[in-house]
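> Next come a sequence and a model predicted from it.
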Amino acid sequence: MKHGRRDYDRIQDPAGLIPVDEPVFLLRGQDVAAPRAIRAWMTYARHGGASDNILDAAERQIHEMERWQREHRCKVPDMPPGKNTVKATTGKSLRRVVKEALSK
C-alpha cells in the first residue's frame, strides 16, 4: 500500500488485501475538508454505479467525522516539514483520471 505521505507508511493492511504497490489516500477526522471530499467521492462513485451499501457506509463515515469535528479540533490539512512527500507516478491529473473512469 503506497501512501501519499511518508509519515502514514506505518498504517498498513495486515490482511494483505491491498496490493503493496497500490496507491491509497487517507482522510482523517480532524481534516476540515474530509467530509466534503467524501461527498464528492460519493457523487463520482454513484455516477460510476457504486452499490448502495458502499455509499451508505461513506455517508455514515461523514456523519462520524462531522460529530468528531464538533467534539474535537479540526484543522486545515498540512504536511509535516521535511522530505515527506511521495512523487506521483502516473503523470495524469486527478481530473483526467476521473474523466477517464467515468467515460467507461
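Yes, it's here.
> what about S51, distance to A37?
Computed as Cβ to Cβ, to the nearest Å, the S51 to A37 distance reads 20 Å. (Glycine included, C-beta is placed from N, CA and C.)
> I meant to write P80 there.
Taking Cβ to Cβ as the measure, P80 and A37 are separated by 20 Å.
> next one: V76
13 Å.
> Same drill for those two, tell me which one is more crowded.
A side-by-side neighbour count of V76 and A37, using other Cβ atoms under 10 Å, places A37 first with 15 against 8.
> which residues does G29 contact?
64-65, 68-69, 72, 74 (Cβ atoms under 8 Å, 6 or more residues apart in numbering).
> pLDDT check: weakest of these?
Looking at the contacts of G29, model confidence by pLDDT dips furthest at C74: 86.
> I figured that residue hits D31, correct?
Yes: because the distance of 7.0 Å satisfies Cβ atoms under 8 Å, C74 is recorded as touching D31.
> Quickly find the element holding R46.
In this assignment (DSSP states H and E), R46 forms part of helix 34-47.
> got the angle for the helix or strand that that helix is followed by vs helix 34-47?
As assigned by DSSP H and E, the chain's next helix or strand after helix 34-47 is helix 52-71. Using axes from the mean of the first three to the mean of the last three Cα atoms, to 10 degrees, one finds that helix 52-71 and helix 34-47 are set 170 degrees apart in direction.
> Now helix 52-71: buried residues?
Judged by neighbour count (16 or more other Cβ atoms under 10 Å), helix 52-71 contains these buried residues: 58, 62, 65, 68-69.
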